[in-house]
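Q: Return atomic coordinates for the entry below.
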Amino acid sequence: MELHLHSHHLEHRSPDWVAAAASGFVAGAILMVLELIWSSLIQGANPWFTSHMIAGIVLGIDVVRSSGFSVGIVGVALIVHYVLGIAFGLVLAAVMAPFHVDSSIGKSVLVGAVFGLILYLVNFYVLAGLFPWFADMRGWAALSANLIFGMAAAVMYMTLERPEIAR
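A: Numbering: from 1, shown residues only. Now for the predicted structure:
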């Protein structure tokens, strides 16, 4: 009788790219809704502040300094937010599939949390050099948001992945 431990060694296995893109999109939507609720209800802050910061990646610092609702700014922020969410979902799936960490909810949540932590460090410490207004957002709220994004994206990928595609 032979015992197989199913170790998570690297094996050539392509991700399901459609599921990966969808998982990043869905996790981005979850994050966007949580941010609006958090800023409005809990912090009592301007709910459009984060939209201005995200749109500032494309439109520049003057947008970050402005306030209030603007269809154009919110539209740009949504596009940037979802494009980044999809891109991060693709990266996460590229890590999950070859190591088979999409085989259980526990492993997926753990890998998603680690991915979220790495995203937080990259976004708020590395990229803050290019977009300094993100340095002001460092802290447990932003870290929690990135952890939620990573875990949601990982679980969504595990849920949406089609085994016949991911080979």
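
Q: Next one, pLDDT for His12 please.
A: Note on His12: pLDDT of 69.

Q: do His4 as well
A: pLDDT at His4 comes out at 44.

Q: And Tyr82, by the same measure?
A: pLDDT, read off for Tyr82, is 97.

Q: do the same with the one 4 residues further on
A: Confidence per residue is given as pLDDT, and for Ile86 that number is 98.

Q: That one: what's it in contact with?
A: Ala21, Gly24, Phe25, Gly28 (C-beta atoms under 8 Å, 6 or more residues apart in numbering). Quick note: C-beta positions are derived from backbone N, CA and C, even for glycine.

Q: By neighbour count, which of these wins?
A: Gly24 (27 neighbours; other C-beta atoms under 10 Å).

Q: can you tell me which helix in the protein is longest?
A: With residue count as the measure and DSSP state H as the assignment, the chain has helix 71-99 as its longest helix.

Q: Pull out the buried positions in it.
A: Residues of helix 71-99 classed as buried by neighbour count (16 or more other C-beta atoms under 10 Å): 73-74, 76-78, 80-81, 84-86, 88-93, 95-99.

Q: Could you tell me the angle between the helix or strand containing Val33 and helix 71-99?
A: Taking DSSP states H and E as the definition, one finds Val33 inside helix 17-37. Put simply, helix 17-37 runs at 130 degrees to helix 71-99, going by axes from the mean of the first three to the mean of the last three C-alpha atoms, to 10 degrees.

Q: Now do the buried residues in helix 17-37.
A: Here helix 17-37 shows 19-28, 30-32, 35 as buried, counting by 16+ other C-beta under 10 Å.

Q: Rebuild those as TSV, extending it with distance to Ile57.
A: Shown next, in TSV, are the buried residues of helix 17-37 (distance: C-beta to C-beta, whole Å):
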residue	distance to Ile57
Ala19	26
Ala20	22
Ala21	20
Ala22	23
Ser23	22
Gly24	17
Phe25	18
Val26	21
Ala27	19
Gly28	14
Ile30	20
Leu31	16
Met32	15
Glu35	15
